[in-house]
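**Q** no letters, just coordinates:
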């Protein structure tokens, strides 16, 4: 084992700040702030029962979706996922402060026609890189319903660590209590060893 400072520790980091209007590009995606005109594309997937099944508190009506997009234009915490080849909006990611200093929560939603193409993993990996290499965050967390196996797979591909399984710890709008997995990654765990 060789000594020295790990490569990601040498990166000059900006001090922690509140949510910002970030713009990131990956191989296939542009992660950008929402624009008011995005609301119709967002409504097209957030209004679907299959998308709302795991996050029923997301906007459901046209008016709620317009408000959701407008709020994130003014104070971004949710960002559009747009394909670089053609500009199609394929979903969105959540990225914003969470409880505790220098900690952000990460989440995603991908429209059904664009699922199973790796977009959530690609976007989340870019946001983790930004979080630890540019924003100087200490910790990034993500949660999901244990039945949401697609999101579980994304977190595991990102080498996030499952820290908890909260039994009936999340109250749904219909009054049901559901389980929730809690994952996290720390700055000194980035980039993960053996990550592809």
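**A** Perfect, I can see it now. Keep in mind that what you see is a predicted model, and the values were worked out from it rather than measured.

**Q** gap between stretch 60-78 and the chain center?
**A** Going by Cα atoms, centre = their mean, to the nearest Å, the spacing between the C-alpha centre of stretch 60-78 and its chain's C-alpha centre is 16 Å.

**Q** residue 115: neighbour count?
**A** The tally of other residues near residue 115 (other Cβ atoms under 10 Å) stands at 17. All C-beta atoms are positioned from the backbone trio N, CA, C, and that covers glycine.

**Q** next: the one 3 residues further on.
**A** The criterion is other Cβ under 10 Å. On that basis, residue 118 has 16 neighbouring residues.

**Q** now do it, the pLDDT please.
**A** Note on residue 118: pLDDT of 98.

**Q** so where does residue 183 fall, helix or strand?
**A** Assessed by DSSP states H and E, residue 183 sits inside strand 177-186.

**Q** meant to ask about residue 31, not that
**A** Per DSSP H and E: strand 29-33 holds residue 31.

**Q** which SSE is immediately downstream of that strand?
**A** Criterion used, DSSP H and E; the element after strand 29-33 is helix 39-46.

**Q** buried ones in the helix or strand that that next one is followed by?
**A** For helix 39-46, the succeeding helix or strand toward the C-terminus, using DSSP H and E, is helix 49-52. Buried positions in helix 49-52, judged by neighbour count with 16 or more other Cβ atoms under 10 Å: 51-52.
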